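Asks: this is a predicted model, with the sequence first.
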There are 2 protein chains.
Amino acid sequence: MSRTRPVTVVVDAVGGDHAPAQILDGVRAALAENPDVRIILTGPADVVEPFADAAGGRVEAVATTEIIEMGEHPASAVRSTKDSSIVVGARLVREKRADALFSAGSTGACMAAATLVMGRIKGVSRPAIATVIPTAGPPCVLLDVGANADCKPDNLLQFAEMGEAYASVVLGVERPRVALLNIGEEPTKGSMLAQESHALLAEKLPSFTGNIEGREVLTGAADVIVTDGFTGNVALKLLEGTSSVLLGQVKDAMTSSLPATLAAAVLKPAMMRLKSQLDPDTYGGAPLLGIDGVCIIGHGSSGPVAVKNAISVAVQAVEGDLTGRIADAVAAN
Amino acid sequence: MSRTRPVTVVVDAVGGDHAPAQILDGVRAALAENPDVRIILTGPADVVEPFADAAGGRVEAVATTEIIEMGEHPASAVRSTKDSSIVVGARLVREKRADALFSAGSTGACMAAATLVMGRIKGVSRPAIATVIPTAGPPCVLLDVGANADCKPDNLLQFAEMGEAYASVVLGVERPRVALLNIGEEPTKGSMLAQESHALLAEKLPSFTGNIEGREVLTGAADVIVTDGFTGNVALKLLEGTSSVLLGQVKDAMTSSLPATLAAAVLKPAMMRLKSQLDPDTYGGAPLLGIDGVCIIGHGSSGPVAVKNAISVAVQAVEGDLTGRIADAVAAN
């Protein structure tokens, strides 16, 4: 489990709304924070080469000549755009020249490149996108948040196993509590998928604690919450939207009068802490689990902090042998 | 559409966590607020008769002798407990002695009593539970929030038609904008159910505006949001849970130091307004749409304000001929 050589993370320099400037700022911050990490930057030569030259020996530039356009069909784009920053990045991991891939480019293109080029872990039928959400207690892994809109109970069992490995390796949870997102507490509640998944999880997964309802998601009652990619994506975006609207309304309340504005100034530090706690950048990106190699997908809006944190998550995942842990868990069932 | 006779609402006096005291307080408030409403109270004689005597001619007591226990299977409980407050209430509406039913008792028992005793509107295949959620803009009708965990596209079309009628009659929205909850903007995104429902809604419903993602639910971008009862229930409970956790954290931030506590006191009125705006009691209850007669299901925790508001919603629904509007909308497709 313990590695002596440094971890190498491929970073797609041109994926994301704020690429390349903020991606490169994030890489710079990651290099400063973690003296052992090495970076391979993929992207156009005029972007990646000057940066690598300036960074000294810890950054390697791999120039690419093609670009995947937003809106292209992801799988066909990956097949037809072999010299793009994402596809080349995935190939570097497959060829063991790097340990992990990070891109804040199109989620569909990342998923397609990871699945087609890096390949799935043996036995995994559907890779899933996980995300770490802040709760009133410890942070929690929610998956699938969008890779698979239609799922079967078998898929949810694998999501549970993969989420458990992630919570253990990256969040450091010793015995993750795994729950199924459902609309009632009893095993017989919910859709056919939820009922059948409950039965399968109860049979196969020792860490399964039962159903969790929407109301409990943020209370910290579970370390891993499993659901299909449709429900998970709705849930994640609803969480983000609700936080944003509510904090906006709190802000409005705080500026509704002169005394309120003065009072709010006093509260600013505490409110900023709360805001940063809810900030998706804190966890840097969403791992695509089930891929043979570590793959972290950044939000399109990723700024330097998100990039730095995503690189750090990638390093933890590599050092903790996330891929091996998932392979073992999936092979056992 | 305009009615001259008063609206009669049956209220289940013994349904809910705070029954009967807070239910009766709510009835008292509704009578004071709306001079035209009449109430029929169902429940044990010693609860309903003294109240009716004291209230004068506007409240009628209908004594019942049986009680549906929580945890009983709803449909069989409704069949075997014919003299319970909910079943008798539903029968009073079916017999046209009352116009609407309100109960804060078991949601399952209410649904079963409404469906089995009052019956469905001709052409409606699945009644749905709707709920009104506050947004940064005007309030929005979300349905189904739990009556049907597994749905077909036809069901979602009817939910859309019923939700549109509700938004028009009860929220007073002239041309409701109806959206489908989905995980992407394009018609080809989402689960098979979402994709097929999108196509059907686009074909049949002139007011359909397309998909809405979780992030936009609270922005006020739609007047009616349609989804299956599994996703809708998860979404609703997540909204409630997120609001509660976030406002709790804001409160913690506000009491994190002495200066913060003093400052927070200044902000209290604005924060209380925000809290009441998010309070589910504001909209009083969730209508079960598709039933031949108005049926409003209260939260188990309904207090006097929720009861008063639910009665007021029931009156609006009756006066605006919600049932007739739904029948017409469903018959047209």
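Replies: Arrived safely, thanks for sending.
Asks: helix or strand for the residue lying closest to residue A:285 once chain neighbours are set aside, which one?
Replies: Leaving aside its sequence neighbours, residue A:285 sits nearest to residue A:310 (Cβ to Cβ, 6 or more residues apart in numbering or on different chains; 3.7 Å). No exception for glycine: its C-beta is placed from N, CA and C like everyone else's. For residue A:310, the host element (DSSP states H and E) is helix A:304-319.
Asks: run through who's touching that helix.
Replies: Contacts to helix A:304-319, defined as Cβ atoms under 8 Å, 6 or more residues apart in numbering or on different chains, come from residues A:2-3, A:7, A:9, A:11, A:22-23, A:25-30, A:33-34, A:36-37, A:39, A:99-102, A:104, A:166, A:169-170, A:280-285, A:287, A:294, A:296, A:298-299, A:302, A:323.
Asks: could you rerun that using 7 Å?
Replies: Applying Cβ atoms under 7 Å, 6 or more residues apart in numbering or on different chains, the contact partners of helix A:304-319 are A:3, A:7, A:9, A:11, A:22-23, A:25-27, A:29-30, A:33-34, A:37, A:99-100, A:102, A:169-170, A:281-285, A:287, A:294, A:296, A:298-299.
Asks: any of those buried? List them.
Replies: Neighbour counting by 16 or more other Cβ atoms under 10 Å in any protein chain shown classes A:7, A:9, A:11, A:22-23, A:25-27, A:29-30, A:34, A:37, A:99-100, A:102, A:169-170, A:281, A:283-285, A:287, A:294, A:296, A:298-299 among the contacts of helix A:304-319 as buried.
Asks: among these, which ones are in strands?
Replies: Within those, residues falling in strands by DSSP state E are A:9, A:11, A:100, A:102, A:287, A:294, A:296.
Asks: can you pull out the strands in the stretch 1-150 of chain A?
Replies: Applying DSSP state E, counting those that start in this stretch to the stretch 1-150 of chain A gives strands spanning A:8-12, A:38-43, A:59-63, A:100-103, A:128-133, A:140-143.
Asks: what about the last one, average pLDDT?
Replies: When pLDDT is averaged along strand A:140-143, the result is 96.
Asks: ok, now the fourth one?
Replies: Confidence over strand A:100-103, taken as the mean pLDDT, stands at 97.
Asks: what does the stretch 201-333 of chain A put close to chain B?
Replies: Proximity of the stretch 201-333 of chain A to chain B (Cβ under 7 Å from any Cβ of the partner chain) is limited to residues A:213-219, A:230-231, A:233-243, A:245-246, A:249-250, A:253-254, A:256, A:259-260, A:263-264, A:266-267, A:270-271, A:274.
Asks: narrow those to those in strands?
Replies: Counting by DSSP E, no part of those is found in strands.
Asks: now the helices for chain A?
Replies: Ranges of helices in chain A, per DSSP state H, are A:21-33, A:45-55, A:74-80, A:85-94, A:107-113, A:153-169, A:192-204, A:229-254, A:258-278, A:304-319, A:322-332.
Asks: nearest to residue B:192, out of the ones you listed?
Replies: Residue B:192 lies closest to helix A:229-254 among the helices of chain A, at 9.7 Å (Cβ to Cβ).
Asks: work out the gap between that closest one and the centre of the chain.
Replies: How far helix A:229-254 lies from its chain's middle: 18 Å, per Cα atoms, centre = their mean, to the nearest Å.
Asks: now for that helix, which elements pack on it?
Replies: If you count contacts as 3 or more Cβ pairs under 7 Å, 6 or more residues apart in numbering or on different chains; DSSP states H and E, helix A:229-254 packs onto strand A:140-143, helix A:258-278, helix B:229-254, helix B:258-278.
Asks: can you redo the ones you listed as a markdown table with distance to residue A:149?
Replies: Formatted as a markdown table, the helices and strands packed on helix A:229-254 follow (distance: least, Cβ to Cβ, whole Å):
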| stretch | distance to residue A:149 |
| --- | --- |
| strand A:140-143 | 14 |
| helix A:258-278 | 26 |
| helix B:229-254 | 11 |
| helix B:258-278 | 30 |
